[in-house]
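*Asks:* need coordinates for the following:
(2 chains)
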Amino acid sequence: NAGVTQTPKFQVLKTGQSMTLQCAQDMNHEYMSWYRQDPGMGLRLIHYSVGAGITDQGEVPNGYNVSRSTTEDFPLRLLSAAPSQTSVYFCASSYRSGNSPLHFGNGTRLTVT
Amino acid sequence: SQQGEEDPQALSIQEGENATMNCSYKTSINNLQWYRQNSGRGLVHLILIRSNEREKHSGRLRVTLDTSKKSSSLLITASRAADTASYFCAPRLTGANSKLTFGKGITLSVRP
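*Replies:* Here you go, the predicted structure:
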């Protein structure tokens, strides 16, 4: 089983550029989410989705867009990258039940110069 | 805002010793989960304890939950160097559907 797959693993962007971080899961999970992890800040929730066609904002949504056209994929778009978006990004998924654990990808390390 | 707060922020112990990590939260929960993160990797789920449970075991892991104090603890017995990692608690708030927020984590170092 592939689980949760994130691409790319590393990315360097210049300020103002846009890009999409990809996330795919093969476990038929309804729930998918994006976190960013910064030193001393722990993990902060950016956006999440409880099913295809449904998305909602987390704690730190500004500067990011998401869409959920299929159950498997949940891409995260940076519209105009800023140095403050330098971070490690994690995608996670689970069954919709509140008692289901999250399965994480291995992250995308993004640097914005 | 982060719903769980771990304590201590860092812990260093000798191999074979027990490691105790604590988590506090602020509002009512459906369950509380603990995760581990090895350097450079994603988080891995360790154990989930429901709000009507007081204690749960999984191998060398023991989790307790005290809803009256809004706190949980994770005990790793007979620690190994391979337990070196960051540990996070994640309380699932009542009514939060599947959304899960994390604390800042505890860095555990186990010295050989």
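*Asks:* can we go C-alpha only for contacts and neighbour counts from here?
*Replies:* Will do.
*Asks:* in chain B, which segments are predicted with low confidence?
*Replies:* Within chain B, the ranges that satisfy pLDDT under 70 run B:1-2, B:96-98.
*Asks:* list the contacts of the residue in it that chain A sits nearest to.
*Replies:* Closest to chain A within chain B is residue B:104: 3.8 Å, counting by C-alpha to the nearest C-alpha. If you count contacts by C-alpha atoms under 8 Å, 6 or more residues apart in numbering or on different chains, residue B:104 has them with A:40-43, B:5-6, B:88.
*Asks:* repeat that with 6 Å
*Replies:* By C-alpha atoms under 6 Å, 6 or more residues apart in numbering or on different chains, residue B:104 lies in contact with A:41-42.
*Asks:* right, and residue B:25 touches residue B:4 too?
*Replies:* Yes: using C-alpha atoms under 6 Å, residue B:25 is in contact with residue B:4, at 4.7 Å.
*Asks:* who has more neighbours, those two?
*Replies:* residue B:4 (26 against 23; other C-alpha atoms under 10 Å in any protein chain shown).
*Asks:* my guess is the more buried one meets residue B:101, correct?
*Replies:* No: taking C-alpha under 6 Å as the definition, residue B:4 is not a contact partner of residue B:101, at 7.5 Å.
*Asks:* pull up the overlap in contacts between these two.
*Replies:* Common neighbours of residue B:4 and residue B:101 (C-alpha under 6 Å, 6+ apart) are residue B:90.
*Asks:* just to revisit the earlier point, SS state for the residue of chain B closest to chain A?
*Replies:* Of the three states, residue B:104 takes coil under DSSP: H, G, I helix; E, B strand; the rest coil.
*Asks:* tell me which stretches of chain B form strands.
*Replies:* B:4-7, B:10-14, B:19-25, B:29-37, B:43-50, B:55-58, B:61-66, B:71-76, B:85-93, B:106-111 (DSSP state E).
*Asks:* is chain A within reach of the fourth one?
*Replies:* No: between strand B:29-37 and chain A, judged by C-alpha under 6 Å from any C-alpha of the partner chain, nothing touches; the nearest distance is 7.1 Å.
*Asks:* tilt between that strand and strand B:43-50?
*Replies:* Relative orientation of strand B:29-37 versus strand B:43-50 (axes from the mean of the first three to the mean of the last three C-alpha atoms, to 10 degrees): 150 degrees.
*Asks:* what's the spacing between strand B:29-37 and its chain's center?
*Replies:* Computed by C-alpha atoms, centre = their mean, to the nearest Å, the chain-centroid distance of strand B:29-37 equals 6 Å.
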